[in-house]
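Visitor: Need coordinates for the following:
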Amino acid sequence: MDFKGKTVLVTGSTRGIGKAIATKFAQKGADVIVTGRNKGNAEIVAQNLKNEYGINAFGCKLDFSEDIPQQWKEIEKAAGNVDILVNNAGLTRDTLFIRMKDEDWDTVLQANLTGTFKITQLVVKGMIKKRWGRIINISSIIGFIGNVGQVNYATTKAGLIGFTKSLAKELASRNITVNAVAPGFIETDMTENLPAEIKEKYLEQIPLGRFGKPEDVADAVLFLASDMADYITGETIHVNGGMY
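Guide: Residues are numbered from 1 along each chain as shown. Next comes the predicted model:
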């Protein structure tokens, strides 16, 4: 895979899965826009990618709880149009449904679903003009199987699948593909902080017998962004070790 000459925007890419995706694209020659709620952290990651791989990298703030159009103007001014958009940013506010506050619901929907809608609508305008683009949305196994204490999170991740399928049909005539990747349990901060007994419970449900690595998800994203996936749109790749 060669992404030289392409500019990639990865939301939520200062750590975890997003950082792994940004790194993989940098390794393959793409110019990368690293974003996060903390601009300083984004700039550090971008500078490291620039130093290590010799590509253009930009660290920009993108906080979905703030003015998204204004933040996009600053990103566009710094890096130009985006060829590949990876919607990875998201958060959790876990609690049982009966105890879930409006704030828990609204915060997760704003970050995981509404924010994705707004940044995609802004980015896609440039793709339409060029008649080429790739959009990859990071969903989750939880959007397919549900999980206790994650009604809000599961709703957003299931919603991303409908978003992906519908947008794929709208943009196909402009040579823009829209796909999703649904990770299972990946070795990130979330799984690292799980109690040992909970980890064992989840591991028993994974035929491959291990949690995935962020790079496993990144590889699927790069495939969908590559020429090898030219005829794939509206689809979801599950990266979960056989759990679902």
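Visitor: Can you list the neighbours in contact with the longest helix along the chain?
Guide: Longest helix of the chain, by residue count under DSSP state H: helix 151-171. Identification of contacts with helix 151-171 by CB atoms under 8 Å, 6 or more residues apart in numbering yields 87, 90, 92-94, 97, 100, 104-105, 108-109, 112-113, 116-117, 120, 124, 127-128, 133, 135, 137-140, 142-144, 146-147, 177-180, 182, 233-234, 236. Heads up, the C-betas are built off the backbone N, CA and C, glycines and all.
Visitor: In PyMOL, how would I select just the buried ones from the residues you listed?
Guide: With 16 or more other CB atoms under 10 Å as the criterion, this PyMOL line picks the buried residues out of the contacts of helix 151-171:
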select buried, resi 87+90+92+93+100+104+105+108+109+112+113+116+117+120+124+127+133+135+137+138+139+140+142+143+144+177+178+179+180+182+233+234+236
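Visitor: For the top strand by length along the chain, name the packing helices and strands.
Guide: As assigned by DSSP state E, the longest strand anywhere in the chain is strand 176-183. Judged by 3 or more CB pairs under 8 Å, 6 or more residues apart in numbering; DSSP states H and E, the packing partners of strand 176-183 are helix 115-130, strand 133-138, helix 151-171, helix 214-225, strand 236-239.
Visitor: Can you say which of these is packed in most?
Guide: The highest average neighbour count among the helices and strands packed on strand 176-183, using mean count of other CB atoms under 10 Å, belongs to strand 133-138 at a mean of 25.
Visitor: Give the next helix or strand downstream of that strand.
Guide: helix 142-145 (DSSP states H and E).
Visitor: List the contacts of E52.
Guide: A26.
Visitor: Now do the contacts for Y202.
Guide: Counting by CB under 8 Å, 6+ apart, Y202 has contacts F185, L194, F211.
Visitor: CA atoms only for the helix or strand of the chain with the lowest mean pLDDT, dumped as CSV, please.
Guide: When each helix and strand of the chain is scored by mean pLDDT, DSSP states H and E, helix 189-192 comes last, with a mean of 73. Only the C-alpha atoms of helix 189-192 are listed here, as CSV (Å, rounded to 0.1, in the frame of the first residue of the first chain):
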residue,chain,number,x,y,z
ASP,A,189,-6.5,2.0,28.2
MET,A,190,-10.1,0.6,28.5
THR,A,191,-9.1,-3.1,28.6
GLU,A,192,-6.0,-2.4,30.6
